[in-house]
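Colleague: Next input, structure requested:
(4 chains)
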Protein chains: 2
Amino acid sequence: MWPRYAVAAMDSDEYRDSRGKTLADYPRPSVAVDTAVLTLDDEHGLLVLEVRRASGRGWALPGTFLHPGETLADAVDRSLRLKANVGGLHPRQLHVFDDPRRDDRGWVLSVAHLDVVQPERLQYRFPEATRLMPVSAPGRLIYDHADIVARAVEHLRARYLDKPDPYRLLGEQFTIRELRLAHEHVAGRPLQRDWFRRTMEPQLVPTGTMVSRGRGRPAELFRRHED
Amino acid sequence: MWPRYAVAAMDSDEYRDSRGKTLADYPRPSVAVDTAVLTLDDEHGLLVLEVRRASGRGWALPGTFLHPGETLADAVDRSLRLKANVGGLHPRQLHVFDDPRRDDRGWVLSVAHLDVVQPERLQYRFPEATRLMPVSAPGRLIYDHADIVARAVEHLRARYLDKPDPYRLLGEQFTIRELRLAHEHVAGRPLQRDWFRRTMEPQLVPTGTMVSRGRGRPAELFRRHED
DNA sequence: AAAATAGTGTCTTTTAGACACTATGGA
DNA sequence: TCCATAGTGTCTAAAAGACACTATTTT
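Modeller: All right, here's what the predicted structure looks like:
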């Protein structure tokens, strides 16, 4: 047990050692961001964007070190532009990986992020420095990046349970069928057609436009509510 | 758009500037942890532990800077022992606050945490350097600490919806009534007595022991499943 | 006896799931 | 015409919520 005066003296915002340094002057970790960028493919389902390591060997999620004056979202955005030529996204934090020995380059904390993009935004990505892999078989990834992909999918699943495409995998307008197929890819299992319509339709705005895609009766296009 | 060779050259794990420094040698942020320690009081409901600032003015959540070689959980544990004389907890990450200007002492990232403790563990806390406040009225807190409390409660509520006291606010054994009162304090609203028993009892192990607490028919003590 | 609490039976409402039917286009 | 898909009615099963009753204790 500590005497009470010790508490105030050792509070990090006032404590100074014999050389007059504050705790903030002591060694600091590098802070990195690593992002699982997910997108949707009609054939292969949910895909994750991977980038070739600088050494040329192996694949990783796009990431970078946090620069002074930058927010984490800024750093995620910068890393995606730089490593994969993808821009304009809305990253969300997932987890901080903090094992002091996780990175052989030194003391590096990594803030894992999730980002979701429409497939068209990935069409100009660097063709040889990047690849898209199914989230169910992301290949061999460095460090804890496979773990990040798993957390990203888990997060996405929870969000897609009862709301129509909250992360906007689809464009502005879509049929209920397209919406259901997207949700099935996220959920990793088939969803019931009638139940799906009845839960989602009240949360959408009908456009009145009918579209015929392939065989079968034309379907109505819906869009999201403004908010 | 960047030529492909630029990608490899600027990858953070190989890039060197004209002075041969890697990106990891560039300025790094201080990393702090701040923790909303929640506990339960029969009268006042959910309480949050606050500590007096070193300057003596104002209150804050307990926190500290991350030290080299330490995990975030280690830092949380250290800060609670040092500032409040509370130990042996199991913190969970909530969010990284990353506004470069959020702390007037410089560039400081803060990883917000939640921790839940049984009230007895707080009985030896520093009496004048700490206080316990209701989460609904935490008083004036510095920086974004009120936001951390709100996130902590929100997280707790989600976890307490359908599982019996997952964060162990209560001890080893308890009656269904005690469990329900704890859940009502977390939920911030009364819960239905019969529905609550029917959802929780199958998830508990009966001990066979009956206890009489105050008036009314004695109730059976239950305990959690081993896992 | 009165009041308070434990524990349970049962009814109603809501929701999820299942099945089936009609409607409307393309091949 | 056949087939695929859209859209809807309706039944069933499961879950949530509401109400009431009996049981057992303290005051």
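Colleague: for chain A, what spans make up the strands?
Modeller: Per DSSP state E, chain A carries strands over the ranges A:30-41, A:45-52, A:59-60, A:63-65, A:92-97, A:108-116, A:130-134, A:173-174, A:204-211, A:219-224.
Colleague: Which one of these lies nearest to residue A:75?
Modeller: Residue A:75 lies closest to strand A:30-41 among those, at 4.7 Å (Cβ to Cβ). C-beta coordinates here come from the backbone N, C-alpha and C atoms, glycine included.
Colleague: can you tell if stretch A:161-168 touches chain B?
Modeller: No. Stretch A:161-168 stays clear of chain B (Cβ under 8 Å from any Cβ of the partner chain), getting no nearer than 13.2 Å.
Colleague: Chain A against DNA strand D: which residues are in contact?
Modeller: A:175-177, A:193-194, A:197, A:201, A:210, A:214-220 (Cβ under 7 Å from any atom of the strand).
Colleague: Now list the buried members of those.
Modeller: Buried by 16 or more other Cβ atoms under 10 Å in any protein chain shown: A:175-176, A:219, out of these.
Colleague: how much space between the residue in chain A positioned nearest to DNA strand D and chain B?
Modeller: Using Cβ to the nearest atom of the strand, the closest approach of chain A to DNA strand D is made by residue A:216 at 2.3 Å. Plainly put, residue A:216 is 40 Å away from chain B if you go by Cβ to the nearest Cβ, to the nearest Å.
Colleague: And residue A:157, by the same measure?
Modeller: For residue A:157, the distance to chain B - Cβ to the nearest Cβ - is 15 Å.
Colleague: Next one: residue A:149, what pLDDT does it get?
Modeller: Residue A:149 carries a pLDDT score of 98 in this model.
Colleague: Contact partners for it?
Modeller: Applying Cβ atoms under 8 Å, 6 or more residues apart in numbering or on different chains to residue A:149 gives the contacts A:36, A:48, A:61, A:135, A:138, A:141.
Colleague: Check these against DNA strand C and report the nearest one.
Modeller: Among the contacts of residue A:149, residue A:135 lies closest to DNA strand C (Cβ to the nearest atom of the strand), at 23.1 Å.
Colleague: Is there a neighbour count for the closest one? I'd like the number.
Modeller: Look at residue A:135: counted by other Cβ atoms under 10 Å in any protein chain shown, it has 20 neighbours.
Colleague: The buried ones among the residues of chain A next to DNA strand D into CSV, with extra columns for distance to residue B:188 and pLDDT?
Modeller: CSV is the format used below for those (distance: Cβ to Cβ, whole Å; pLDDT from 0 to 100):
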residue, distance to residue B:188, pLDDT
A:175, 41, 96
A:176, 37, 97
A:219, 43, 95
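Colleague: what is the residue nearest to the spatial centre of chain A paired to in the beta sheet?
Modeller: The centroid of chain A falls nearest to residue A:114 when counting by Cα atoms, centre = their mean (1.3 Å). On the basis of DSSP bridges, residue A:114 is bridged to residue A:36, residue A:92.
Colleague: Flag every buried residue along the longest helix anywhere in chain A.
Modeller: If you go by DSSP state H, chain A has its longest helix at helix A:145-159. Under the neighbour-count criterion of 16+ other Cβ under 10 Å, helix A:145-159 has A:145-146, A:148-149, A:151-153, A:155-156, A:159 buried.
Colleague: quick one, phi psi at residue A:56?
Modeller: phi 90, psi -20 (degrees, to the nearest 10).
Colleague: Any idea how many residues pack against the residue lying closest to residue A:160 once chain neighbours are set aside?
Modeller: The shortest distance from residue A:160 to any non-neighbouring residue, by Cβ to Cβ, 6 or more residues apart in numbering or on different chains, is to residue A:186 (4.5 Å). Each residue near residue A:186 was counted by other Cβ under 10 Å, and the total is 24.
Colleague: What separation do you get for residue A:186 and residue B:59?
Modeller: Residue A:186 is 43 Å from residue B:59, where distance means Cβ to Cβ, to the nearest Å.
Colleague: before we move on, what about residue A:164?
Modeller: Where residue B:59 is concerned, residue A:164 sits at a distance of 43 Å (Cβ to Cβ).
Colleague: who has more neighbours, those two?
Modeller: More crowded of residue A:164 and residue B:59, by other Cβ under 10 Å: residue A:164, with 22 against 17.
Colleague: residues contacting residue A:133?
Modeller: A:47-48, A:50, A:139 are the contacts of residue A:133 under Cβ under 8 Å, 6+ apart.
Colleague: Among the residues you listed, which pair sits farthest apart?
Modeller: A:47 and A:139 (11.7 Å).
Colleague: Can you pick out the residue with more neighbours from these two?
Modeller: A count of neighbours by other Cβ under 10 Å puts residue A:47 above the other of residue A:47 and residue A:139, at 21 against 12.
Colleague: Show me what the more buried one bridges to in the sheet.
Modeller: Here residue A:47 sits in beta bridges with residue A:39, residue A:134, going by DSSP bridges.
Colleague: quick one, what contacts it?
Modeller: Residue A:47 neighbours (Cβ under 8 Å, 6+ apart): A:38-41, A:132-135.
Colleague: on that earlier part again, the residue nearest to residue A:160 contacts residue A:155, doesn't it?
Modeller: No. Using Cβ atoms under 8 Å, residue A:186 makes no contact with residue A:155, being 10.5 Å away.
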